[in-house]
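Predicted coordinates and the sequence they were generated for:
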Amino acid sequence: MVVARGGEGGFGNASLKKDNKSRSNGASSFPEGEDQFSLTAGRPGSETVLILELKSIADVGLVGMPNAGKSTLLGALSRAEPAVGHYAFTTLRPNIGNLNYEDFFSVKVADIPGLIKGAHENRGLGHAFLRHIERTKVLAFVVDLAAALNGKKGIPPWEQLRDLVLELEHHQEGLSNRPSLVVANKIDEEGAENAYEELKKRVRGVPIFPVCAVLKEGVPELKAALRRLMDGSESHRLHIDKIITD
């Protein structure tokens, strides 16, 4: 594909040389009425401004809010070593890891940078993050069980799920309608077990896996579930009307 066509080339100095005899006799190398500049100058080509968008290609997208533990989970699922920090937006671009199985089946997993409420309006670089979800086949919604525990002013996990689904749908209708599961991360935190039980009561239609990504607890069960979604032996969708928030 040609996006900008080059101009007509000029004549280099070598093309204007005469033989040594004519030059020694003082003969001009340029035809009468022409000068060096008109003969050697080329013509300008066309100019085009392009905006290119890179969309990551992955089988599974880890979708969640900032600090939900997606990067840590990617490290637990694969050999990827994404940056991890105790602050929002540690991940500014998707990290890709290979989830390998004993029978040599392999799945590419993408750690999608954290989404916040209003991401579809480009809050928190929402557009840059949301576009990477478009090409994934399976969604793993990662929620932080401890976000609203012990006096923290975070968002309860069931509300995290609702906000994530809404942001996906506002960005592109039907974006959340693909095989999905929920990863209930940080199950090791104090009070997280109660939050997990409440989450199971409020969210229906998709399997929920309690995980401690740091300690890799629950990771084998999660890997097996992702395999089932990938090979089509199971198919669950997270629908907004199956999430009870009040």
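On my side now, so go ahead.

Contact partners for the residue lying closest to Ala146 once chain neighbours are set aside?
Residue nearest to Ala146 in three dimensions, not counting chain neighbours: Glu189, with 3.7 Å by Cβ to Cβ, 6 or more residues apart in numbering. For every residue, glycine as well, the C-beta is placed using N, CA and C. Neighbour list for Glu189: Leu145, Ala146, Leu149 [criterion: Cβ atoms under 8 Å, 6 or more residues apart in numbering].

least trustworthy helix or strand in the chain by mean pLDDT?
Lowest on mean pLDDT, DSSP states H and E among the helices and strands of the chain sits helix 20-24, with a mean of 49.

Now stretch 132-145: average pLDDT?
Computed over stretch 132-145, the mean pLDDT rounds to 91.

Give the buried residues for it.
Of the residues in stretch 132-145, His132, Ile133, Thr136, Val138, Leu139, Ala140, Phe141, Val142, Val143, Asp144, Leu145 count as buried by neighbour count, 16 or more other Cβ atoms under 10 Å.

wait, which of these is closest to Glu8?
His132 (42.2 Å; Cβ to Cβ).

how much space between that closest one and Gly6?
34 Å (Cβ to Cβ, to the nearest Å).

in the longest helix belonging to the chain, what counts as buried?
Using DSSP state H to define each element, the chain has its longest helix at helix 157-171. Buried residues in helix 157-171, defined by neighbour count with 16+ other Cβ under 10 Å: 157-168, 171.

Could you single out the nearest of these to Pro44?
If you rank those by distance to Pro44 using Cβ to Cβ, His171 comes first, at 40.8 Å.

ok so, going back, want to throw the contacts of Glu189 into CSV with distance to Asp59?
Shown next, in CSV, are the contacts of Glu189 (distance: Cβ to Cβ, whole Å):
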residue, distance to Asp59
Leu145, 25
Ala146, 28
Leu149, 32
